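Visitor: structure for the following, please:
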Amino acid sequence: MDYEEKLAAILEEGTDKTASRWLSEIEGEFGRAPLILKRMG
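Guide: Numbers count the residues shown, from 1 in each chain. Presented below is the predicted three-dimensional model:
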């Protein structure tokens, strides 16, 4: 996903859903998301 696609996804989904999806993807890939990302999301 390139920069323009990411921006389009944020505009389409909204910031809350995008942040939640990104945290889920990070947790799926690495087993957990860093606390700082969870607090920011």
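
Visitor: got the contact list for residue 33?
Guide: By C-beta atoms under 8 Å, 6 or more residues apart in numbering, the contact list for residue 33 reads 23, 26, 27. In short, each C-beta sits where N, CA and C put it, glycine included.

Visitor: which among those residues gets closest to residue 3?
Guide: Checking the contacts of residue 33 against residue 3 with C-beta to C-beta, the nearest one is residue 26 at 18.5 Å.

Visitor: returning to what we had before: need the contacts of residue 33 in TSV with neighbour count and pLDDT, can you?
Guide: TSV is the format used below for these (neighbours: other C-beta atoms under 10 Å; pLDDT from 0 to 100):
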residue	neighbour count	pLDDT
23	17	86
26	16	84
27	13	86
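
Visitor: helices - which of those land there?
Guide: Counted as lying in helices by DSSP state H, out of these, are 23, 26, 27.

Visitor: with adjacent residues omitted, what lies nearest to the last one?
Guide: Looking back up the chat, that one is residue 27. Once flanking residues are discounted, residue 27 sits nearest to residue 33: 4.9 Å by C-beta to C-beta, 6 or more residues apart in numbering.

Visitor: swap in the second one?
Guide: If the residues on either side of it in the chain are set aside, residue 26 comes closest to residue 33, at 4.5 Å by C-beta to C-beta, 6+ apart.

Visitor: look at the one you found and report its pLDDT.
Guide: Here the pLDDT value assigned to residue 33 is 76.

Visitor: SS state for it?
Guide: coil (DSSP: H, G, I helix; E, B strand; the rest coil).

Visitor: return the distance of it relative to residue 4.
Guide: Note on residue 33: its distance to residue 4, by C-beta to C-beta, to the nearest Å, is 25 Å.
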